[in-house]
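Asker: here is my input; please provide its structure:
(one chain, ligands or ions: 1)
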Amino acid sequence: MIELKAVTKTFGSTTALDSISTTIPEGKIIGVLGPNGSGKSTLLKMLVGLNKPNYGTILIDGKKPSMDTKNFISYLPEIDYLYPWMTIQQAADFVKSFYEDWDENKYNELMKFLELQPSMVIKKISRGMRAKAKLLLSFSRNAKLILLDEPLSGIDVLTRDKIIETIIHDYRAGDQTILITTHEIREVEGILDEVIFIRQGQVALEGNVEELRCQRQASLVEIMKEVYSHETI
Ligand SMILES: Nc1ncnc2c1ncn2[C@@H]1O[C@H](COP(=O)(O)OP(=O)(O)OP(=O)(O)O)[C@@H](O)[C@H]1O
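Answerer: Got it, this is the predicted structure:
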């Protein structure tokens with residue numbers, strides 16, 4: 001379980017997260033949604049320990065983000081973080097050297113499923129293939145908590161479908177927790193259990209997706225439009 005208590009993160013005069021308090025349940029797929037600049041990536045980076053809060057507390061299974069928690073978190077950053085000169089196999093060997101939960105069978109199976117080859121060189125493959133390679137590395141670990149920052153960004157619709165299929169295919173419900181930030185809400189609506197809408201660094205609305213849809217008789221996209229009715233999404 002992830003607990004945030006009055007978490008604030010500022011960058012100079014910009015407040016990225018403004019006293020956020022929330023509890024994120026275990027074993028579910030949670031969408032962290034919101035317009036550009038609302039604080040989604042900052043939230044994920046704080047969970048993985050890359051950003052430290054100025055105020056407030058973050059607890060993951062009762063522990064502050066640290067080396068201990070890093071061991072059970074698989075983080076897919078929004079940026080292209082893979083060394084361009086590496087092959088997919090070299091990138092995998094690199095990740096494998098840091099984490100004990102690397103699952104070679106899962107890696108081989110996912111490689112086939114995503115139609116990638118170990119010999120492919122990162123700088124020579126397309127953006128969509130790089131997105132799939134990032135996902136391959138994130139899901140080849142048996143991590144308890146998976147943080148996916150914009151895994152569908154700038155990817156064609158067929159590749160997006162494949163990425164979503166991978167998430168469904170490899171997700172162990174109840175056992176693993178996935179937090180996913182995305183602007184492709186229509187595409188992920190079907191896989192989300194819970195949602196947190198962020199607006200200007202604060203939680204604008206959160207809850208169980210099915211319950212929100214029933215209460216409001218609306219789809220997630222319609223709910224989002226309502227929440228951000230005065231903003232450009
Ligand atoms: N390292 C940084 N230095 C300065 N400002 C930053 C930094 N990281 C984030 N910010 C600012 O914090 C705010 C929140 O940024 P963040 O990247 O978390 O938003 P986001 O919701 O993920 O946006 P997007 O959907 O565009 O990826 C923005 O105003 C951004 O400019």
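
Asker: quick one: contacts of the worst-scoring helix or strand of the chain on mean pLDDT?
Answerer: In the chain, the helix or strand scored least confidently by mean pLDDT, DSSP states H and E is helix 157-170, which has a mean of 86. Outside helix 157-170, the residues that touch it by Cβ atoms under 8 Å, 6 or more residues apart in numbering are 29, 106, 110, 113-114, 128, 131-132, 135, 139, 148, 151-152, 155, 178, 180, 184, 187-188, 191. Heads up, the C-betas are built off the backbone N, CA and C, glycines and all.

Asker: give the next helix or strand downstream of that helix.
Answerer: Counting by DSSP states H and E, the next helix or strand C-terminal to helix 157-170 is strand 177-181.

Asker: name the residues linked to the residue nearest the centre of the chain by a beta bridge.
Answerer: Closest residue to the average C-alpha location of the chain: Leu148 at 1.9 Å, with Cα atoms, centre = their mean. With DSSP bridges as the criterion, the beta-bridge partners of Leu148 are Leu76, Ile180.

Asker: who are the contact partners of it?
Answerer: Neighbour list for Leu148: Leu76, Leu135, Ser138, Ile167, Ile178, Leu179, Ile180, Thr181 [criterion: Cβ under 8 Å, 6+ apart].

Asker: out of the contacts of helix 157-170, list just those in helices.
Answerer: Those of the contacts of helix 157-170 mapping onto helices are Lys106, Leu110, Phe113, Gly128, Ala131, Lys132, Leu135, Phe139, Glu187, Val188, per DSSP state H.

Asker: what's the spacing between Ile2 and Ile163?
Answerer: As judged by Cβ to Cβ, to the nearest Å, Ile2 and Ile163 stand 23 Å apart.

Asker: more neighbours, the two?
Answerer: Ile163 (23 against 19; other Cβ atoms under 10 Å).

Asker: where in this protein is pLDDT low?
Answerer: 231-233 (pLDDT under 70).

Asker: how about the strands in it?
Answerer: Ranges of strands within the chain are 2-11, 14-24, 29-33, 55-60, 73-76, 145-149, 177-181, 194-199, 202-208, based on DSSP state E.

Asker: who in the chain is up against the ligand?
Answerer: Applying Cβ under 6 Å from any ligand atom, one finds that the chain approaches the ligand through Phe11, Thr14, Ala16, Gly34, Asn36, Gly37, Ser38, Gly39, Lys40, Ser41, Thr42.

Asker: show me which of those residues are buried.
Answerer: Using 16 or more other Cβ atoms under 10 Å as the burial test, the residues of the chain next to the ligand include Ala16, Gly34, Ser38, Gly39, Lys40, Ser41, Thr42 as buried.

Asker: mind listing what the fourth one touches?
Answerer: It stands for Gly39. Per Cβ under 8 Å, 6+ apart, neighbours of Gly39: Lys9, Ala16, Leu17, Asp18, Ile20, Ile198, Gln200, Gly201.

Asker: list the contacts of the last one.
Answerer: The neighbourhood of Gly201, defined by Cβ under 8 Å, 6+ apart, consists of Lys9, Thr15, Ala16, Leu17, Asp18, Ile20, Ser38, Gly39.

Asker: Ala6 now?
Answerer: Ala6 touches Ser19, Ile20, Ser21, Tyr55, Gly56, Thr57, counting by Cβ under 8 Å, 6+ apart.
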